[in-house]
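Undergrad: sequence? don't have it. structure:
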């Protein structure tokens with residue numbers, strides 16, 4: 001925690017503030033350890049105040065011993081004002097990408113003697129490089145997802161609904177240590193598998209279907225994210241061809257990705273294999289994204305991913321090809337960026353599976 005707070009010093013210097021108000025859940029978890037659903041952090045150069053209400057007082061005292069607890073009993077803005085006056089704070093940084101314009105106006109009205117200084121993504125960016133503790137938790141979340149994939153292969157059969165498969169996966173993840181799923185589980189079969197975010201529906205699984213399974217678990221606040229595409233019965237020849245192209249593109253990208261490259265460079269490298277195979281119009285999303293306390297966070301491994309990749313960033317590599325009305329294939333692993341060679345966390349097989 002001390003090392004994480006040290007990184008905030010650069011933000012203080014960049015915007016010339018005396019304190020920073022943190023309101024984003026993932027950010028106050030990162031800098032305090034408190035993971036209740038309602039909190040604000042007021043970070044000063046030598047003190048941290050954690051604001052929460054009656055529901056979370058005991059939890060806050062246990063999870064955030066390095067913070068001074070301020071119990072919210074009335075309007076938070078008034079209580080914040082009292083603390084800012086107490087510590088003579090005149091310049092306050094705030095997360096401008098999180099606080100709504102309405103809330104900003106209300107803060108401006110209440111904090112009459114305080115200058116509000118916007119912070120865009122500088123705080124989120126601190127979380128991009130993962131420390132040892134974070135990597136351990138992410139690896140556990142990935143392990144739960146890998147076990148879930150192995151389990152669900154024994155469960156999939158003809159005439160079962162996609163939504164039943166998703167429910168079984170989510171139940172299994174919780175039984176095996178997950179707090180919950182990282183996002184709404186995607187189970188898209190047959191013609192629906194051409195929808196990249198085809199969340200589970202009432203469609204029945206049929207022989208010949210390609211089945212895209214995109215899911216993840218949360219372990220102690222940290223997310224995993226993986227995708228596998230499997231086939232039931234006799235798969236269509238064009239889908240087997242597509243599968244091998246996607247797998248080749250993904251493997252090549254995993255071998256290529258390393259510290260110093262930008263997200264754009266890695267995306268273009270993988271995309272070239274798909275484009276050269278004639279499927280340029282069938283891969284319309286980015287190659288990957290960062291994963292941590294949020295399942296989708298910086299850095300982006302996509303055409304908009306301008307940030308340089310650094311050692312111990314955790315990202316997904318997930319190319320896909322989608323043929324409207326026919327089906328789709330996506331394969332996704334989580335990778336820890338290395339200085340020379342990156343480490344693949346996802347262990348599930350990527351060989352073609354025909355159930």
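TA: Nice, thanks for sending it over. Predicted model only: the values in this text are computed from it and were never measured.
Undergrad: can you pull out the helices in the stretch 1-150 of the chain?
TA: Along the stretch 1-150 of the chain, the stretches classed as helices by DSSP state H, counting those that start in this stretch are 2-15, 25-32, 57-63, 76-86, 101-110, 122-126, 132-153.
Undergrad: where does the stretch 151-300 of the chain dip in pLDDT?
TA: For the stretch 151-300 of the chain, applying pLDDT under 70 flags no range at all.
Undergrad: looking at the helices of the stretch 1-150 of the chain, which is buried most?
TA: helix 25-32 (a mean of 22; mean count of other Cβ atoms under 10 Å). In short, each C-beta sits where N, CA and C put it, glycine included.
Undergrad: just the angle between it and helix 2-15, please?
TA: Interaxial angle, helix 25-32 versus helix 2-15 (axes from the mean of the first three to the mean of the last three Cα atoms, to 10 degrees): 120 degrees.
Undergrad: could you list the domains of this protein?
TA: Using automatic domain parsing, the domains assigned to the chain come out as 2-126, 132-344.
Undergrad: make CSV out of the ones you listed and add distance to residue 352.
TA: What follows is the domains of the chain, written out as CSV (distance: least, Cβ to Cβ, whole Å):
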stretch, distance to residue 352
domain 2-126, 37
domain 132-344, 6
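Undergrad: what residue lies at the spatial centre of this protein?
TA: residue 295 (1.5 Å; Cα atoms, centre = their mean).
Undergrad: quick one: it is in a strand?
TA: No: assessed with DSSP: H, G, I helix; E, B strand; the rest coil, residue 295 is coil; it does not lie in a strand.
Undergrad: on that earlier part again, which of the domains of the chain sits closest to residue 350?
TA: Ranking the domains of the chain by their distance to residue 350 (criterion: Cβ to Cβ) puts domain 132-344 first, at 5.8 Å.
Undergrad: quick one: the closest one to chain centroid distance?
TA: Chain-centre distance of domain 132-344: 12 Å, with Cα atoms, centre = their mean, to the nearest Å.
Undergrad: try stretch 329-349
TA: For stretch 329-349, the distance to the chain centre is 15 Å (Cα atoms, centre = their mean).
Undergrad: what sits against the residue nearest to the centre of the chain?
TA: Going by Cβ atoms under 8 Å, 6 or more residues apart in numbering, residue 295 touches 182, 183, 216, 223, 225.
Undergrad: check contacts around the second one.
TA: This means residue 183. Contacts of residue 183 by Cβ under 8 Å, 6+ apart are 215, 216, 225, 295.
Undergrad: now list the buried members of these.
TA: 215, 216, 225, 295 (16 or more other Cβ atoms under 10 Å).
Undergrad: among the contacts of residue 295, name the ones in strands.
TA: Using DSSP state E, the members of the contacts of residue 295 that fall in strands are residue 223.
Undergrad: and which of the contacts of residue 295 is nearest residue 49?
TA: residue 223 (28.0 Å).
Undergrad: next, work out how far apart that closest one and residue 289 are.
TA: To residue 289, residue 223 is 11 Å away according to Cβ to Cβ, to the nearest Å.
Undergrad: comparing those two, which residue is more hemmed in?
TA: residue 223 (28 against 23; other Cβ atoms under 10 Å).
Undergrad: among the domains of the chain, which is the most enclosed?
TA: domain 132-344 (a mean of 19).
Undergrad: how about the helices in the stretch 201-350 of the chain?
TA: Under DSSP H, counting those that start in this stretch, the stretch 201-350 of the chain gives helices at 237-256, 263-276.
Undergrad: make a markdown table out of those helices and add distance to residue 195.
TA: A markdown table is the format used below for the helices of the stretch 201-350 of the chain (distance: least, Cβ to Cβ, whole Å):
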| stretch | distance to residue 195 |
| --- | --- |
| helix 237-256 | 15 |
| helix 263-276 | 18 |
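Undergrad: what's the closest of these to residue 349?
TA: Among the helices of the stretch 201-350 of the chain, helix 237-256 sits nearest to residue 349 (Cβ to Cβ), with 11.0 Å.
Undergrad: including distance to residue 53, could the contacts of residue 183 go into a markdown table?
TA: Output for the contacts of residue 183, formatted as a markdown table (distance: Cβ to Cβ, whole Å):
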| residue | distance to residue 53 |
| --- | --- |
| 215 | 33 |
| 216 | 30 |
| 225 | 32 |
| 295 | 27 |
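Undergrad: and the residues you listed, which two are the farthest apart?
TA: 215 and 295 (10.4 Å).
Undergrad: hey, what's in contact with both of those two?
TA: 182, 183, 225.
Undergrad: quick check: the first one touching residue 217?
TA: Yes: using Cβ atoms under 8 Å, residue 182 is in contact with residue 217, at 6.4 Å.
Undergrad: torsion angles phi and psi at residue 216?
TA: Per-residue torsions, residue 216: phi -170, psi 160 (degrees, to the nearest 10).
Undergrad: ends of stretch 16-35, how far apart?
TA: Start to finish, the residues bounding stretch 16-35 are 29 Å apart (Cα to Cα, to the nearest Å).
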